[in-house]
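**Q** Based on what follows, work out the 3D shape:
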Amino acid sequence: MRSAKGQEAAELMLVYATAFAIFLLFYSMFAQQYANAVRQQAFSDGISMADRIASELDIAARAGDGYQRRMTYATSIPGALNYTFKINNQSGSVDLEMDLGNDANFSYSSPTLTRNITTSELRYDAGDGTGFWLVNLAIESPPRGSAYVENVNGTVTVTQMRVG
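**A** Numbering: from 1, shown residues only. Have a look, this model is predicted:
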């Protein structure tokens, strides 16, 4: 009688171990799919933001002198640890560089109609015609930020507004 209970316990442990192994297998597959979905969403959100910023700059360039508009943008991209948008007058584009962790980086360029764009306030000039515009490094950053885009005598100027 005693060995039957021992055998039942061993069989039960085998069933539990098999179920646990199957659970771990499915969990690892779903976790990998979730990570890929988050990464793809970060790509999509980053591209969309770069295209929207380039579109705002194009509208200001077409509208001519006196155009002024406040633009809002998300200050974080879910799935990205940090990101940078640069207005590049040499290539005539808005360049996105995004860090997704685990040595995964993503770059994208959205073309603009004009190469006569300046940025004011919070500008870092790399000396190669590339001007800094946005950087998201703080986890506590507000969910939305804003900037003024204006055309002054044919020059499109972007002014990032301080929040807080």
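
**Q** from here on, contacts and neighbour counts on C-alpha atoms
**A** Noted.

**Q** what are the phi and psi values for residue 112?
**A** Torsion angles at residue 112 (phi, psi; degrees, to the nearest 10) stand at phi -120, psi 160.

**Q** Surely it and residue 53 touch.
**A** No - contact criterion C-alpha atoms under 8 Å: residue 112 and residue 53 do not qualify, at 9.2 Å.

**Q** Overlap in contacts, those two.
**A** Shared contacts of residue 112 and residue 53 (C-alpha atoms under 8 Å, 6 or more residues apart in numbering): residue 94.

**Q** what's the strand ranked longest in the chain packed up against?
**A** When the chain is parsed with DSSP state E, its longest strand is strand 144-152. On a contact count with 3 or more C-alpha pairs under 8 Å, 6 or more residues apart in numbering; DSSP states H and E, strand 144-152 meets helix 2-63, strand 68-74, strand 155-160.

**Q** Residues in contact with it: which ones?
**A** Under C-alpha under 8 Å, 6+ apart, the answer for strand 144-152 is 56-57, 60-61, 63-75, 156-163.

**Q** One more: stretch 34-52?
**A** 73, 77-80, 85, 94-96, 98, 100, 106, 108-110.

**Q** ok, and the most crowded of those residues?
**A** Neighbours here mean other C-alpha atoms under 10 Å. Within the contacts of stretch 34-52, the largest count is held by residue 94, at 26 neighbours.

**Q** what's the spacing between it and residue 51?
**A** Between residue 94 and residue 51 the computed distance is 8 Å (C-alpha to C-alpha, to the nearest Å).
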